[in-house]
Every structure is written in C-alpha cells, then in structure tokens.
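*Asks:* Return atomic coordinates for the entry below.
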Amino acid sequence: MAEMFPRISYRVSDLLITILSFILGYFLANSLAGYPIPFFGSEITLRGLHSFDEFVLILFVIPFIWWVALDRANIYDPIIIRNPRLLLWSLIKAHLGGGIFLFGFFFLAKLYFPSRPQMIFFLGINVLLLYCEKRILVSSLKVKKGEAAFQKLLLIGMDLEAKRFARHIENYPELGYQIIGCLTDQTEDLDGFDDHLKVVGNINQIEKVVRENPVDEVVVFSLRRLWETMDLVAGVCEDMGIRLTMVPQWPTLKIAQFHFRKLGGTPLFSFVFSPTESGYLFIKRLMDFSLSLLALIFLSPLFLLLAILIKWESKGPVFFIQKRCGLNGRVFSLIKFRSMVQKAETMQEQLRDLNEMSGPVFKITKDPRVTRVGSWLRKTSLDELPQLINVFKGDISLVGPRPPIPGEVALYERWQRRRLSVKPGMTCIWQISGRNNINFDEWMKLDLNYIDHWSLLLDLKILIRTIPAVLSGRGAR
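*Replies:* Numbers count the residues shown, from 1 in each chain. Have a look, this model is predicted:
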C-alpha cells in the first residue's frame, strides 16, 4: 500500500488534474495551429486538430492509465514526495510510461492518434500541475497536524523502535497519520518518551480507549515482552474491526486479511477485518458521489414539496439533524426529513417501556411522537432522502450498515463494534430483509456478513433489491 497519500481522495485529485491538463493541452495546441514551430522557420507549423469529439474516448481511458502509471512510479512514497528532485523525476517517468502506454493502446485498438503537439502540451502541463499540487499539499499538511481526516494510530509498548516510529510520524505529517497516544504496561520505563508519545492508559484498558477515541489502527511494539497480552489486543481489534499492526510477529486470527508494508523504514504486519481494496473502494466512492449528485438534482422538486407538507402540518424545522457514528466511531450529523413533533428526543425516556426492539435500538410501531405526514414519510422511506447529502459529502455511502447513534454504540457488545469498521450507508442487507421485523442480534450479524463478503456486485444487488423493499414498505415503521 502506498504510504504517502493513503486515502482515495488524493488519487482522485490527481486524476482530475490529469483530465484538466489533457483538455488544456488540446485547446492550447488547437489555438497555436498554423503558427511556425520555433527554430524551424516558417515552413514547419503546428497542424490543426480534429474535432473535440474524437478526444472524448481518451478522457475515459486516461484515468485508468494514469492511476497505474503514478502508482508504479511511487509518486505517493514519502521519501520521494519530500524531495523536489526525486518527485519531479518520478513524475516524468510516470508520464513517459503513461504516454507510451496510451499510444500503444490507440495503435492496438486501431483508433485515432492524438496529435503530437497536444500530447506534448498535455504531458508538460500535467507534470507541472501535479508537482505544484504535491508540494503545496506537503506544506499544508505540516500545518494541519490536528486535522480530523488523519488516520488515527494507537501504539502499544514503548521501546526505541516505538520512539523512532513516533518521531517519524511527527516529522512527516504528509504521511496522513496521527498518533492519539500509547498504552503501556507497569514494567516499562517511560523516561525519554513523553515528547513523542502520550500515555493514554494501560494495555488492559485498550477496549475503553478504543470506545472513547476514533482509532483506525493499533500498532504493537515490544512484541516479545508483551506477547502474553496479545490475545486481549488482537481480540479487541478483531471484534471491533480495527486494523492491527505488529512489529514483527502475529497471532492466529479467524477472519483477518494479512498485509505487509513499511512505514518510515519500520516493517509492519497488518491484519485487516474490513474491505481494503483501494481500487474497488475508489469506484464505490465515485459511484456514491455521482449517483447522489444526480439524485439530489433530479429529486429537488420532491424535496421542496415534502418541505412544504412538513411545515404545513407542524411547527419546527424541515430537517431533523442527529449525531450518528460513522467509520470507526467518527461522529457526524445525519440529515433526515423531520417526521416527529419538536423535541421528540426529550420524550424518549418516557416511552422506554414501549420499546419493541431488542438491544440498544429504540423503536415503537405506533410512536405517539410521529406526525401524520411523518408516518407517511416513514412508511415510504422518503424521510431518508436528505441522507443523499451525507452521501455526497462522504459521511456515508449508498450501501453500508446503518449509522447508529452514539448512545446505542456505547451499549454495543465488543463483537458488534465491528460493524463500524466500514463506512455506514443508506441501505444494506437489513433494509431488504424485513428491517424492523428482525431482532437486533440478527441485524448485527447481517451487517457483519455484508462486511465479510463485500464486493461492488453485492452493493449493486442491494441497491436493486432496495427499490421494491421501499416501495412495498416492508418492515418500515
């Protein structure tokens, strides 16, 4: 896995810049058509280009070629990204390889060749823009060390390797990692580590620390000395779906996927309990972004009509905004159409005895707080349409486990926490399997089954099956 920019958003930015560079190269070459080429006299001129329609196919091909070319040239390696000369040379190599592959593709496919002037302009502009983008990004990340988007690391054990690792993370914020602290045992000498590692508890408190903090990855040092505690650490990580990384041994786990990588020269063995295929996750995010945008545009008249109905029946805001837990416990604001009277949440304790769901979830068939319009919205699931805004923002996905409220998560058993190891969604297997007619434990098992067998095809099947499930109102309350 590339260390430098581990999140898909950085790669998407590179591909958008590449597409923009191709378009700029086309217009620049076209605008200079007929002008003499410098140093060759007036007899040799830049020739005109064919219509822009002939380049549409290239716009679809380029993202796939440049995704591979940039990755193969190690553009996202931290050593390369911090060295301007190495960065420039790597970008040149990536573009030479990408250009050769592009010409080869058009030759083998017997398609129209892009003009040489346009390709030269495109490659030159793209190298320049990508170089400037990455240098600016490196500088900005040095300043934004506390940004919430960083991957959160929890270290276990404090030895010289841990100290060096912490220094490396601190010195290279562009890696995209942030250490929230370290867990220790009573035998460790803490002198000399305070500058880089904040002690947040004892190893036996790992479950409590993970519940109270967003943690994306646990990294274990002093493994030989702390091996007796690894069953506890590995069990918590597996149950809660958190990446477990050890230097350099590992225990036997049931469902883990094994990964090896280096971070700052330190060899790391990771066990992953949720989907990690970056290419497929990129496509999933691209689908979420494009489909949610189209849906928001297409459904905007319906949004206006529903807003009028909600305001007409009862006082209060059109939207109901509630704190929910997302990926690995990150809290975000979920948006829904308001289907209850104002301050309905304050009345929940009074109705606790009427709860019909097992576990920490609260559901009542004929909830007295629900308005008439709200009852219809819930029956048709129209109250959930504003969650498309959350999908567009990236808080949730179209398909994934439903995002729980923090109060419910606090009551989860350890194995149930693993449903937070993937980004939540608007619909999932639970939505098409009876929804509120399923008890809580079965609901959790369906979500974990989705995580263990996730694929783009599964997402597509769930989306297709969600439509009749929503139209029929099966299991909705």
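*Asks:* Tell me the buried residues in the helix or strand harbouring residue 297?
*Replies:* Using DSSP states H and E, residue 297 falls within helix 278-298. Buried residues in helix 278-298, counted by 16 or more other C-beta atoms under 10 Å: 278, 281-282, 284-285, 287-289, 292, 296. Glycine gets a C-beta too; all of them are placed from N, C-alpha and C.
*Asks:* Quick one: list the elements packing against it.
*Replies:* When contacts are defined as 3 or more C-beta pairs under 8 Å, 6 or more residues apart in numbering; DSSP states H and E, helix 278-298 sits against helix 8-31, helix 387-393, strand 397-399, helix 456-472.
*Asks:* export the ones you listed to JSON lines and tack on distance to residue 88, mean pLDDT and mean neighbour count?
*Replies:* Formatted as JSON lines, these follow (distance: least, C-beta to C-beta, whole Å; pLDDT from 0 to 100; neighbours: other C-beta atoms under 10 Å):
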{"stretch": "helix 8-31", "distance to residue 88": "15", "mean pLDDT": "81", "mean neighbour count": "18"}
{"stretch": "helix 387-393", "distance to residue 88": "34", "mean pLDDT": "94", "mean neighbour count": "20"}
{"stretch": "strand 397-399", "distance to residue 88": "37", "mean pLDDT": "94", "mean neighbour count": "25"}
{"stretch": "helix 456-472", "distance to residue 88": "36", "mean pLDDT": "83", "mean neighbour count": "14"}
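*Asks:* Compare those and report which one is nearest to residue 212.
*Replies:* Closest to residue 212 of the helices and strands packed on helix 278-298 is helix 387-393 (C-beta to C-beta; 24.1 Å).
*Asks:* Can you spell out which helices and strands pack onto that closest one?
*Replies:* So helix 387-393, by 3+ C-beta pairs under 8 Å, 6+ apart, packs with helix 278-298, strand 331-337, strand 425-427.
*Asks:* swap the cut-off to 7 Å and go again
*Replies:* helix 278-298, strand 331-337 (3 or more C-beta pairs under 7 Å, 6 or more residues apart in numbering; DSSP states H and E).
*Asks:* Helix 456-472 and the longest one, what's the angle between them?
*Replies:* So that's helix 278-298. 30 degrees (axes from the mean of the first three to the mean of the last three C-alpha atoms, to 10 degrees).
*Asks:* now helix 278-298, how far from the centre of its chain.
*Replies:* 12 Å (C-alpha atoms, centre = their mean, to the nearest Å).
*Asks:* ditto for stretch 377-395
*Replies:* From the chain centre to the centre of stretch 377-395 is a distance of 19 Å (C-alpha atoms, centre = their mean).
*Asks:* same thing with stretch 318-330?
*Replies:* 16 Å.
*Asks:* Okay, buried residues for that stretch please.
*Replies:* Residues 319-320, 324-330 are the ones in stretch 318-330 that count as buried (16+ other C-beta under 10 Å).
*Asks:* what's the answer for stretch 94-101, then?
*Replies:* Those would be 94-95, 97-99, 101, for stretch 94-101 by 16+ other C-beta under 10 Å.
*Asks:* circling back: looking at the buried residues of stretch 318-330, which is nearest residue 222?
*Replies:* residue 328 (24.5 Å).
*Asks:* quick one: low-confidence ranges for the stretch 101-250 of the chain?
*Replies:* Low-confidence segments of the stretch 101-250 of the chain (pLDDT under 70): 108-115, 140-149, 174, 186-196, 248-250.
*Asks:* next helix or strand past whichever strand or helix holds residue 224?
*Replies:* Per DSSP H and E: residue 224 is located in helix 223-226. The helix or strand immediately downstream of helix 223-226 is helix 230-240, counting by DSSP H and E.
*Asks:* now what about that following helix, what contacts it?
*Replies:* For helix 230-240, contacts defined as C-beta atoms under 7 Å, 6 or more residues apart in numbering pick out 156, 203, 206-207, 210, 218, 220, 244, 251, 253, 256, 273, 414-415, 417-418.
*Asks:* next structured bit after that helix?
*Replies:* strand 243-246.
*Asks:* circling back: any idea which of the helices and strands packed on helix 387-393 has the lowest pLDDT on average?
*Replies:* Note on those: lowest mean pLDDT is at helix 278-298, with a mean of 87.
*Asks:* Would you check which pair of the buried residues of stretch 318-330 lies furthest apart?
*Replies:* Maximum distance among those (C-beta to C-beta): 26.0 Å, for 319 and 328.
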